[in-house]
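Participant: Fold the following for me, if possible:
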Amino acid sequence: MPEQFRNDSNQYTTVAPMLSVRNGAQAVDFYIAAFGAQVLFRLDAPDGAVVARLALGSSQFWVADESPEHKNFSPESLGGSTARMVLVVDDPDAAFNKAIAAGASVVRPVTNEPYDWRVGRVLDPFGHHWEIGKPLS
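Facilitator: Residues are numbered from 1 along each chain as shown. Here you go, the predicted structure:
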């Protein structure tokens with residue numbers, strides 16, 4: 001295990017965001033179609049709610065139906081998102097276009113930025129912003 005991922009007690013530590021959404025089953029399908037996500041774990045509740053752990057390459061994130069009773073709200077309930085996901089890929093243009101084809105909306109097209117990144121931003125159908133890009137050097 002890489003040294004930078006070990007904490008003082010020599011244990012492995014990671015952080016993986018959990019995206020709260022309305023209609024988790026559709027969200028999982030979207031992330032598979034838009035980003036090529038792989039499902040590592042999925043729990044479907046009898047009421048239709050979903051909790052899933054997804055992987056994009058070596059990165060992981062979770063998706064779960066919002067649960068207002070636990071103070072977990074989707075961007076749709078909040079009227080916007082409080083965070084952005086940053087997806088670093090070899091070909092930002094292709095990844096951006098794939099996300100748009102799967103149902104994301106353009107927030108900002110992919111361009112070369114003065115801070116040495118090629119990046120654009122999409123809004124997924126569940127209210128989460130995804131910056132898709134790569135460093136240019």
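
Participant: what's the neighbour count on the residue lying closest to Gly24 once chain neighbours are set aside?
Facilitator: Nearest-residue entry for Gly24: Val50, 3.2 Å, with adjacent residues in sequence omitted and distances by Cβ to Cβ, 6 or more residues apart in numbering. For glycine as for every other residue, the C-beta is placed from the backbone atoms N, C-alpha and C. Close neighbours of Val50, defined as other Cβ atoms under 10 Å, add up to 18.

Participant: Now Val50. Its backbone dihedrals?
Facilitator: Torsion angles at Val50 (phi, psi; degrees, to the nearest 10) stand at phi -130, psi 140.

Participant: list the contacts for the residue most central in space within the chain?
Facilitator: In the chain, the C-alpha closest to the average C-alpha coordinate belongs to Met85, at a distance of 5.4 Å (Cα atoms, centre = their mean). Contacts of Met85 were listed using Cβ atoms under 8 Å, 6 or more residues apart in numbering, and they are Pro17, Leu19, Phe61, His128, His129, Trp130, Glu131.

Participant: State the number of residues packed around the first one.
Facilitator: To tie it back to what came earlier, the one meant is Pro17. Pro17: 12 surrounding residues under other Cβ under 10 Å.

Participant: returning to what we had before: now the contacts of Met85: which count as buried?
Facilitator: By neighbour count, with 16 or more other Cβ atoms under 10 Å, the contacts of Met85 hold Leu19, Phe61, His128, His129, Trp130, Glu131 as buried.

Participant: And these, which is closest to Arg108?
Facilitator: The closest of these to Arg108 turns out to be Glu131 (Cβ to Cβ; 8.6 Å).

Participant: got the contact list for Tyr117?
Facilitator: Check again: residue 117 is Trp, not Tyr. Gly133, Lys134, Pro135, Leu136 are the contacts of Trp117 under Cβ under 8 Å, 6+ apart.

Participant: Against Lys134, how distant is the nearest residue to Ser137 once chain neighbours are set aside?
Facilitator: Among residues not flanking Ser137 along the chain, Asp116 sits closest, at 5.7 Å (Cβ to Cβ, 6+ apart). For Asp116, the distance to Lys134 equals 10 Å [Cβ to Cβ, to the nearest Å].
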